[in-house]
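1. take a look and give me a structure for this.
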Amino acid sequence: MYDSLLETFIAVADCGSLTKASERLYISATAVMKQINALESRLDLKLIDRKHSGIRLTKAGNIIYRDAKFIIDYSNKSVAEAKKAESDYNATFCVGTSLLNPAKPFMDIWYRVNKDFPNYKLHLVPFEDNHKGILSEIEKLGEKFDFLIGVCDSKAWLSRCSFLPLGRYKKMAAVSRDHRLANKKIIDVEDLYGETLMMVKRGDSGVNDFLRNDLESRHPQIRIEDTPQFYDLSVFNRCAETGNVLLSLECWSEVHPSLVSIPVNWEYSIPYGILYSPKAPMDVLEFIEKAKDSLK
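-> Sure, this is the predicted structure:
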């Protein structure tokens, strides 16, 4: 932060002689002289007059001496403050949150294990549920976020992160509030005959692919419309606008005010949990281990 030659100059000024300054600094008087010469050359200023009785500061030397201690003190304080800021940053877990991937399940875990992380704070980082950009958000684990909470059996997601399952959410059917099924407490698969069911296209989710195979082979009366592999709000808007049925999850029942979510008489569900970087630092891995223990 500052030129270390200033410390030699201050020692010479305080001691009044090169010899005494060398004793304070534990270097030779010749080395002290070389450092003073180097500082004068660097500043293009004459800082001391050498006398037989010792040294005397020039006018320029007095000004540099006056400010040098302030410069050193200010630099040390700046470095200390920067280190504290770095320490504070390192003692923060950043948790991503969005409409479809809210941080609440993480918070439930956090309040169970935070006693083991007394100096840590949480910082919630919002992100967009954009089906075109969600993979880039997953790839920012370890940079933008330490953790995300996600509903996940996506091959594309799991290839980019590590995953700690916390539980499972049931697959449900979402319909507009004026849909013929909207007032049902639970529906059977046969209630969907004649309807268009919106669900993610084949190939990324094992659970969805298994469900699709079952519907196509045993219930061909249900039309299937592909959505992008990852839902965003536009998918829910299309469901509300078209009157189609959307394959949804129990955790998304409040996502769209024009839709209601209805349980379906089947056993399909999907895991949700904590996503974190495959190259996570030690404190993140320690949190994951504590989270695992809390689930036992």
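2. which residue ranges of the stretch 1-150 of the chain form strands?
-> Secondary structure of the stretch 1-150 of the chain, counting by DSSP state E, counting those that start in this stretch: strands at 48-51, 54-57, 92-97, 121-126, 148-151.
3. most tightly surrounded among the ones you listed?
-> strand 148-151 (a mean of 24; mean count of other Cβ atoms under 10 Å). From N, CA and C alone the C-beta is placed, and that goes for glycine too.
4. pLDDT on that one, on average?
-> The predicted model gives strand 148-151 an average pLDDT of 92.
5. helix or strand right after that strand?
-> helix 155-158 (DSSP states H and E).
6. that following helix: what's the following helix or strand?
-> Where DSSP H and E defines the elements, the next helix or strand beyond helix 155-158 is strand 162-176.
7. buried sites along that next one?
-> 162-164, 166, 168, 170-176 (16 or more other Cβ atoms under 10 Å).
8. wait, which of those residues is closest to Phe287?
-> Comparing the buried residues of strand 162-176 against Phe287 with Cβ to Cβ places Leu164 closest, at 9.7 Å.
9. I'd like the strands of the stretch 1-150 of the chain written out as a markdown table, with distance to Lys279 added.
-> Formatted as a markdown table, those follow (distance: least, Cβ to Cβ, whole Å):
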| stretch | distance to Lys279 |
| --- | --- |
| strand 48-51 | 54 |
| strand 54-57 | 55 |
| strand 92-97 | 15 |
| strand 121-126 | 19 |
| strand 148-151 | 15 |
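10. and which of the buried residues of strand 162-176 is nearest to Val151?
-> Using Cβ to Cβ, Arg168 is the member of the buried residues of strand 162-176 that sits closest to Val151, with 9.2 Å.
11. now do the contacts for that closest one.
-> 269-272 (Cβ atoms under 8 Å, 6 or more residues apart in numbering).
12. quick check on these: which are buried?
-> 269-270, 272.
13. how is the protein partitioned into domains?
-> Structural domains annotated on the chain: 5-82, 93-276, as defined by automatic domain parsing.
14. out of those domains, which is the most enclosed?
-> Counting by mean count of other Cβ under 10 Å, domain 93-276 has the highest mean neighbour count of the domains of the chain, with a mean of 17.
15. in TSV, list the buried residues of strand 162-176 along with distance to Glu241.
-> TSV is the format used below for these (distance: Cβ to Cβ, whole Å):
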residue	distance to Glu241
Ser162	38
Phe163	34
Leu164	37
Leu166	33
Arg168	30
Lys170	25
Lys171	22
Met172	20
Ala173	17
Ala174	13
Val175	12
Ser176	8
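16. quick one: those as a markdown table, columns for pLDDT and distance to Gly150 too.
-> Shown next, in a markdown table, are these (pLDDT from 0 to 100; distance: Cβ to Cβ, whole Å):
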| residue | pLDDT | distance to Gly150 |
| --- | --- | --- |
| Ser162 | 96 | 12 |
| Phe163 | 96 | 8 |
| Leu164 | 96 | 11 |
| Leu166 | 95 | 10 |
| Arg168 | 95 | 13 |
| Lys170 | 96 | 17 |
| Lys171 | 97 | 16 |
| Met172 | 97 | 18 |
| Ala173 | 98 | 22 |
| Ala174 | 98 | 19 |
| Val175 | 98 | 25 |
| Ser176 | 97 | 27 |
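17. out of these, which is nearest to Arg218?
-> Of the buried residues of strand 162-176, the one sitting nearest to Arg218 (Cβ to Cβ) turns out to be Lys171, at 15.9 Å.
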